[in-house]
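Participant: Sequence and computational prediction follow.
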Amino acid sequence: MPNIPPQFGIFLFIVAAAVLPLVFASGYQTFQLTMVVIYALSVLGKNLVTGFGGQVSLGQGAFYAVGAYTAAVLMDQWDVPYWATLPIAAITSGLVGLMLGLPALRLGGLYLALVTFALAISVPQLLKYKAFEGWTGGVQGIVVSKPDAPFNLPISSDSWIYLFSLAVGVVFFLAITNLVNSRIGRALKAIRDQPLAAEAMGVELARYKTLTFGVGAMVTGIGGALSAIAVGFVSPDSFTIALSLTLFVGMVVGGASSISGAIYGALFIQFIPNIAEEISKAIPGVVYGVILIAVMFFAPGGLAGVIANQLRRLRAARVVGTGRAPS
Amino acid sequence: MADTITEKPILEVRGLHAGYGQVKVLHGMDFVVNTGGVTALLGANGAGKTTTLRAISGMVRTTGDILYDGERINALSTEAIAAMRVGHVPDGRGTFMELTVEENLKLGGYTRRDDTAADLERICTYFPKLKQRFRQQAGTLSGGEQQMLAIGRALMIKPRLLLLDEPSFGLAPLIVREIFEIMRQIIISERTSILLVEQNASLALTIADMAYLLETGRIVMSGPADEIRRDESLRRSYLGY
Amino acid sequence: MEGVLHQIVSGIATGGIYASIALALVMIFLATHHINFAQGEMAMFSTYIALTLLQLGLPYWAAFLATLVFSFVMGVILQRILLEPLANAPVLASVGAFLGLLLIFNNVAGWLFSYTLKPFPSPFGVGDPMFGGMFSRHELGSTVVTMAVLLSVWAFFRFTRLGLAMRGAAYNPVSSRLVGVPVGRMLALGWGLAAGIGAIAGMMVAPVVFLDPNMMGGVLLYAFAGALLGGITSPLGAVVGGVMMGVIENLAGAYVVGTELKLTTALVIIVLVLVVKPSGLFGKALASRV
């Protein structure tokens, strides 16, 4: 058996993810997949902060909201094209992350959790605030029109938004993968696992922590901006603490210290509630809660950890059994 | 043996192994603490002295037998062993920094259902300095005072066996002498059996009646304290003074 | 001037509620170095239990007592089965468990009792405002109740053997075991006590804000702010900070930002404390006593 490089698998996966929905999925299903991409990006930002940076942020929904509102306001007030809102949303959410992260990160773990939790709780109120109503639309929120496919491509708006989001997602997943495997990434892991030793070795704790937190907020913010484009609507009540908790669940279930975990987590938070909600409105929350606790007890590495373990076992079995190399 | 004690020992340790996770510290120790006697466990840093005391108090996993008053206590929890009136003056003194001196002492008597007020008074007669600082936060005490407090706290349990972990550690010679003087009084009037762990062998041998020497988790020598003190070659080769 | 005075006085009433929850948080924090993000939802759930008992026809104070017992047992059980095993787990695991609890309580409450706002009776009656409009009957009553609770908690920790053992177990578990204190049981008791204190706060705030599964979100935020303001390591600080937050909330609401930014006010206070004085007013360096 020839050895296929893993890059090829990833390439195939991306092509399949891009083409298959265009052929097989309905409009609503395509929208759901768009949301998976968006959640995956947002959870990825969180993984970077928590799984790799070792900082517990509970307010990732706030950065998502900043991204979403930045995009919506730009499109609504100044007719900025949708694609051009992304870099600006990245900057605003990253800045808000830095502003909040700076005081809290100095103090360590639980303080950051507390501040970000407080932030997540107060976001809807800020968005409703009268002084900003001219921009944010207050309780009403902002409606933006969904972009059509460019160059007269013969695909629907939903399909185009899906492709666009997927492209953005792929870029950031690859970028973050590189970041994590770089010298910076190794420094981050050192900080997470051995903060004292890392500091003794000259890793500047505070700078790296703050930077990761900012980048994490930025990536989540881009997810938020994409959501504004995909949903075509933002309103304060979409960005309650429930959103932050959902992203937290996505991170934990997927596996906080894994890049691919963000995708598993996104699939989970997109599809499980839909299934559970058919029983009762309250059920998704209960399911989230129970699963959260169960993961903490039985699979702290999340789905990514479970899958990695299974793969390892499978490979070991294959090598022993047939001598075939893993693909 | 110079000892005239005929009662069965309060503590008998046989084939004791203990450690932290993968790291084994004690490799099969045998020793006894005679009822009413003062037994010294001597040895250099890292020999396993503190681990031995922790093993007796159920703070580390052990194999072998620890017989307290004839009963095997290996499997018991630390708090259950304390409730059997084993007082433990831990290494680092274990002060409740946020509590007052009085509260530290009262907490020492936690397992007792009888009135502890009289004992509190009596213990304070050993340590007049503590009495002066009765309502101060224990965190404000000096090292020597905290050591006194730790001994007082362990005495509040009305110990039948008192485990003392390096009471001289980190203290100025003058303070050490003061504390050992007080301990001499305590030995005379409290009649509790004591297992004393010390790096300072010469000092420990002045109050002990039996001594064991510990090297990397094994007993390498034992005997009556006064014999060891008198035997210069033994002292030179094993204790280095 | 009278307006200001009124704001302060009624701020103290809500402040008592914040102080109770803040105290519950600090108790758990001192014992375990964890922040119980589910403290508010536990209180909310207890309040629903109280409402159910009232609807079954129990007299108010009987339902009140039964709810306390229920909450205490609930707290003890949660600590024993859920948090004890996670005691040495990394921060993320404990935060995850607390958020899991938050989600479960919140949604189970919505499931069992619906998400609609429900009125909750005050044992002190509505009646006319007293003292020239300074105090409503409920404000006065709930202030008395919360202050009595805080005082008895203080007395319990200060003067009883069990209270002393609980403090010892929180501050120095190793030494506590060596003097025979069963530390695990003390932590469980602490959880029970915190849940009970929270339940009282829930029953006192529910007549004001109405009962719904999200009732405690804002209260918890203000309690966080209060605990940080007073110093997260100081029970006395939690109480003082909590009461201060009640007053700050009212004054800011009336004269500075209006009621629309209530929650943001708490957020700003939290960030300010962390920037200016992370140890809070009574934290660490000072003698902390309850």
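Facilitator: Nice, I can see it.
Participant: Tell me who's in contact with residue 93.
Facilitator: All of this refers to chain A. By C-beta atoms under 8 Å, 6 or more residues apart in numbering or on different chains, the contact list for A:Ser93 reads A:Phe63, A:Tyr64, A:Val66, A:Gly67, A:Thr70, A:Ala217, A:Met218, A:Thr220, A:Gly221, A:Ile222, A:Gly224. Quick note: C-beta positions are derived from backbone N, CA and C, even for glycine.
Participant: My question was about chain B, not that one.
Facilitator: Per C-beta under 8 Å, 6+ apart, neighbours of B:Arg93: B:Gly143, B:Gln146, B:Gln147, B:Leu149, B:Ala150.
Participant: Go through stretch A:128-144 and flag the buried ones.
Facilitator: Within stretch A:128-144, the residues scored as buried using 16 or more other C-beta atoms under 10 Å in any protein chain shown are A:Lys128, A:Tyr129, A:Thr136, A:Gly137, A:Gly138, A:Gly141, A:Ile142, A:Val144.
Participant: which stretches of chain B form strands?
Facilitator: For chain B, applying DSSP state E gives strands covering B:11-20, B:23-33, B:38-43, B:62-68, B:71-72, B:86-89, B:161-165, B:193-198, B:210-215, B:218-224.
Participant: how far out from the middle of the chain is the third one?
Facilitator: Using C-alpha atoms, centre = their mean, to the nearest Å, the mean C-alpha position of strand B:38-43 is found 9 Å from that of the whole chain.
Participant: Likewise for stretch A:301-318?
Facilitator: With C-alpha atoms, centre = their mean as the basis, stretch A:301-318 stands 23 Å off its chain's centre.
Participant: Next secondary structure after the worst-scoring helix or strand of chain A on mean pLDDT?
Facilitator: When the helices and strands of chain A are compared on mean pLDDT, DSSP states H and E, helix A:195-200 comes out lowest with a mean of 68. Counting by DSSP states H and E, the element after helix A:195-200 in chain order, helix or strand, is helix A:205-231.
Participant: buried set for that following helix?
Facilitator: A:205, A:208-231.
Participant: hmm, that helix in reach of chain C?
Facilitator: No. Helix A:205-231 lies apart from chain C when judged by C-beta under 8 Å from any C-beta of the partner chain; the minimum separation is 13.9 Å.
Participant: host element of A:Ile10?
Facilitator: Using DSSP H and E, A:Ile10 falls within helix A:6-24.
Participant: One more: C:Gly40?
Facilitator: Assigned by DSSP H and E, C:Gly40 falls within helix C:39-55.
Participant: before we move on, back to that, which one of the contacts of B:Arg93 is nearest to A:Thr50?
Facilitator: Closest approach to A:Thr50 among those (C-beta to C-beta): B:Gln146, at 40.0 Å.
Participant: just checking, that closest one touches B:Gln136?
Facilitator: No. Look at B:Gln146 against B:Gln136 with C-beta atoms under 8 Å: they stay out of range, at 11.5 Å.
Participant: The two: which is more packed in?
Facilitator: Neighbour count, other C-beta atoms under 10 Å in any protein chain shown: between B:Gln146 and B:Gln136, B:Gln146 has more, with 22 against 15.
Participant: Tell me where the chain has helices.
Facilitator: Since no chain was named, I'll use chain A. Remark: helices assigned in chain A by DSSP state H are A:6-24, A:27-47, A:60-78, A:82-105, A:109-128, A:133-136, A:157-181, A:183-193, A:195-200, A:205-231, A:241-254, A:261-277, A:283-298, A:302-321.
Participant: my bad, the chain I had in mind was chain B
Facilitator: Under DSSP H, chain B gives helices at B:49-56, B:78-83, B:101-108, B:117-126, B:128-132, B:143-155, B:173-190, B:201-207, B:225-230, B:232-234.
Participant: Pipe these into CSV and attach distance to chain C and mean pLDDT per row.
Facilitator: Converted to CSV, these look like this (distance: least, C-beta to the nearest C-beta, whole Å; pLDDT from 0 to 100):
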stretch, distance to chain C, mean pLDDT
helix B:49-56, 10, 93
helix B:78-83, 4, 94
helix B:101-108, 5, 93
helix B:117-126, 13, 88
helix B:128-132, 16, 88
helix B:143-155, 6, 93
helix B:173-190, 17, 89
helix B:201-207, 21, 88
helix B:225-230, 26, 85
helix B:232-234, 34, 76
